[in-house]
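Asker: Give me coordinates for this.
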Amino acid sequence: MKGYFISFEGGEGCGKSTQIKKLKEYINQLNNHENFLFVREPGGTKLAEELRKLILNDSEDQPLPMTELLLFCACRVEIVHKRILPALSQGKVVIADRFYDSTIAYQGSAREIMPVKDLLSLTKKIIGDIKPNLTFYLKISPQEAFKRKNKMSQPLDRIESEGLTFHQKVEKGYDFISNLEKDRFYILDATKSPDEIFKEIIKVLKEKIPQFLN
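Answerer: Okay, the predicted model is just below:
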């Protein structure tokens, strides 16, 4: 692949969305901003966005754990083949709000649907060997994240509404995969101020992809 693939990961309330928004604003000021593509999981294509609604719905007819996993996998196949791979083949930088590490943390570690090694095998079968070149993991304790969420006015989706034990398992899942594939992970202290975190992100990007930041 000629391009460069970056993902942002972390549990609920880690500030991931804030950092991606700041990065979008930064990149939009660049002369070559058209060489960047932002995507999100689940979602990113028309079909995947419809599947996102099914995954995150908080109605009585919620998906079973295995259904949830398979819906995430379906979304991933869509976005990888319709958006991510075409952009990378054109030499673009793809920046994803979550990728398969989220499945390891949420459906593997927290839901315990299947062992992590089986999830990694399933991932390889559905999308091949594609993985981010760089993953920013915004790390924060679930306890601190809950405090942040309680201060926010917007309603929580179905997964955000899970209890503390669930999100502690999510954290363990992220710690596991970030240790297993530490060469691509960059761990950020999400308790720092948004500006401090963003400054660190830009510093890393200027080291990793200086040719794109002009």
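
Asker: Identify each buried residue in whichever helix in the chain runs longest, please.
Answerer: Assignment by DSSP state H gives helix 164-180 as the longest helix of the chain. Buried residues in helix 164-180, defined by neighbour count with 16 or more other Cβ atoms under 10 Å: 166, 167, 168, 169, 170, 171, 173, 174, 176, 177, 178. (C-beta placed from N, C-alpha, C; glycine too.)

Asker: what's the least confident helix or strand in this structure, going by average pLDDT?
Answerer: One helix or strand of the chain scores below all others by mean pLDDT, DSSP states H and E: helix 142-151, with a mean of 78.

Asker: still on that earlier bit, of the buried residues of helix 164-180, closest to residue 209?
Answerer: residue 178 (20.5 Å; Cβ to Cβ).

Asker: before we move on, back to that, how about the buried residues of helix 164-180 in CSV, adding pLDDT and distance to residue 70?
Answerer: Converted to CSV, these look like this (pLDDT from 0 to 100; distance: Cβ to Cβ, whole Å):
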residue, pLDDT, distance to residue 70
166, 90, 20
167, 91, 22
168, 93, 25
169, 94, 20
170, 95, 19
171, 96, 24
173, 96, 18
174, 97, 22
176, 96, 22
177, 96, 20
178, 97, 25
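
Asker: Just put those residues in TSV and tack on distance to residue 139.
Answerer: As requested, the buried residues of helix 164-180 are exported to TSV (distance: Cβ to Cβ, whole Å):
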residue	distance to residue 139
166	17
167	13
168	13
169	15
170	11
171	8
173	12
174	7
176	13
177	12
178	8
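
Asker: re the thing from before, pull the residues that contact the least confident helix or strand of the chain.
Answerer: For helix 142-151, the surrounding residues in contact (Cβ atoms under 8 Å, 6 or more residues apart in numbering) are 11-15, 156, 160, 164, 167-168, 170-171, 191.

Asker: And the furthest pair within the residues you listed?
Answerer: Pairwise over the contacts of helix 142-151, using Cβ to Cβ, the maximum falls at 156 and 191, 20.9 Å.
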